[in-house]
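A.B. asks: Dropping the sequence and predicted coords here.
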Amino acid sequence: MSHVRSAALLGTALLLASPAGATPFLFSTGATDGQIATATRPETAGKFEIESADDFIAASPVELTGATFTGLLTNDATLSDIGQVRIEIYRVFPNDSTDPPSGNVPTRANSPADVAFAERDSVTGDLLSVATVLSSQFTASNSVQPGGIHPIPNFNTNGDGAVTGTEVLFTVSFDSLSLPADHYFFIPQVEVDGGEFLWLSAPRPITQGTPFAPDLQSWTRDQALDPDWLRVGADIVGGEQAFNASFSLIGQTVPEPSSAVLLLLSMAAVAWGRSRA
C-alpha cells in the first residue's frame, strides 16, 4: 500500500472519528427552594477551606464550558466583596480515594471522592465569573455555616438555623473541561471579604430542571474533616432530610467513535506502519 493510500485511509478514519455528532449538554437542578444554605469557600488568609457538593451524571463524554449556581452573601457583603471563585469536579467514592476510609463519619457510600478530578479557578485565569443580584434580602430556613461541621460522634447538629442575605446568581465560563462518562459532584467555592457565601438548596427530587437517577444528596466537609464528607441532610440536619443544591451546567457531548470507526483506525494504523517499513 502506498504512502498516499495509507495517509488517505488514516485521514478518513480520523474524520469519521471526529465529534461531528456532538450535541449540547445542558443540566440543571432548578431554582432554589430556600430550605438550606451551606458554606463553601476556598482556603484564603485567615479562613479554612469548606466544600459543599451536589451531583450530576455525564451519560457520555462531555466538554463543559460553563455553569451557574445560586447562593447568599452574608453579613451585608456586596458584589464588590467577592474575590476568588473556584469550581471543582469530584467523582464518586471510592474513585480517587483511600478505601476503606477513616471511619470518622457515618458513611462514605455515595459521597464525593477524597480528591478532586478537575478544577478551574479565577485566580489562575482559567475561569471567568459574573455575579448578579437576584434579591437584596432572601432567607433560607436552615444553614450549615463555618464551624458547623464535625466528625463522629458530634456530626448531628440540626444545622445552624435560618440565615438571611443577598441572593446572588453566579455565571461562570471556562476553557473546555473534558469529562469522561461518569457520575460526578459539582463544587463551587466563593471568597467573600467580610462575609460568607452560602450555596442555596434546590428541590429533591428535581422538579424544574433535569431529573436523573440516581440523584444523590448534597455533601459537605471542611479542612478539619478532609478527606471525609458528611451528608448535609441525613448526617448534619438529621432525620429523613436530603437536599440538592441549585446549579446548572452547559457544554457539549462528545460521541465515542463507533466500533466500525475504531476498526478502520486500527487498519489505517497498521497500513501506515507497513508503508513506512
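C.D. replies: That came through fine.
A.B. asks: Would you map the helices across this structure?
C.D. replies: 3-17, 259-275 (DSSP state H).
A.B. asks: and the ones you listed, which one's lowest on average pLDDT?
C.D. replies: Note on the helices of the chain: lowest mean pLDDT is at helix 3-17, with a mean of 35.
A.B. asks: Quick one: residues contacting the most centrally placed residue in the chain.
C.D. replies: Nearest to the mean C-alpha position of the chain, counting by C-alpha atoms, centre = their mean, stands residue 186 at 1.2 Å. Listed by C-beta atoms under 8 Å, 6 or more residues apart in numbering, the contact partners of residue 186 are 53, 54, 55, 56, 67, 69, 87, 88, 89, 247, 249. In short, each C-beta sits where N, CA and C put it, glycine included.
A.B. asks: Who does it form a beta bridge with?
C.D. replies: Beta bridges link residue 186 to residue 54, residue 89, judged by DSSP bridges.
A.B. asks: Only the buried subset of the contacts of residue 186, as a PyMOL command please.
C.D. replies: In PyMOL syntax, the buried subset of these is picked out as below (16 or more other C-beta atoms under 10 Å):
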select buried, resi 53+54+55+56+67+69+87+88+89+247+249
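A.B. asks: which among the contacts of residue 186 gets closest to residue 155?
C.D. replies: Distance to residue 155 across those (C-beta to C-beta) is lowest for residue 53, with 16.3 Å.
A.B. asks: how close does that closest one get to residue 216?
C.D. replies: 9 Å (C-beta to C-beta, to the nearest Å).
A.B. asks: between these two, what contacts are shared?
C.D. replies: Each of residue 185 lies in contact with both residue 53 and residue 216 under the rule C-beta under 8 Å, 6+ apart.
A.B. asks: Sort out which residues of the top strand by length along the chain are buried, please.
C.D. replies: The residue-count maximum for a strand in the chain (DSSP state E) belongs to strand 163-179. Using 16+ other C-beta under 10 Å as the burial criterion, the residues of strand 163-179 that qualify are 163, 165, 166, 167, 168, 169, 170, 172, 174, 177, 179.
A.B. asks: so the fourth one makes contact with residue 133?
C.D. replies: Yes: with contact defined as C-beta atoms under 8 Å, residue 167 counts as touching residue 133 (7.1 Å).
A.B. asks: who's in contact with residue 200?
C.D. replies: Taking C-beta under 8 Å, 6+ apart as the contact definition, residue 200 lies against 32, 34, 36, 37, 70, 71, 72, 138, 140, 167, 245, 246.
A.B. asks: So for stretch 187-196, mean pLDDT?
C.D. replies: 98.
A.B. asks: buried set for that stretch?
C.D. replies: 187, 188, 189, 190, 191, 192, 195, 196.
A.B. asks: before we move on, what about stretch 115-128?
C.D. replies: For stretch 115-128, burial by neighbour count (16+ other C-beta under 10 Å) applies to 116, 117, 119, 120, 121, 122, 127.
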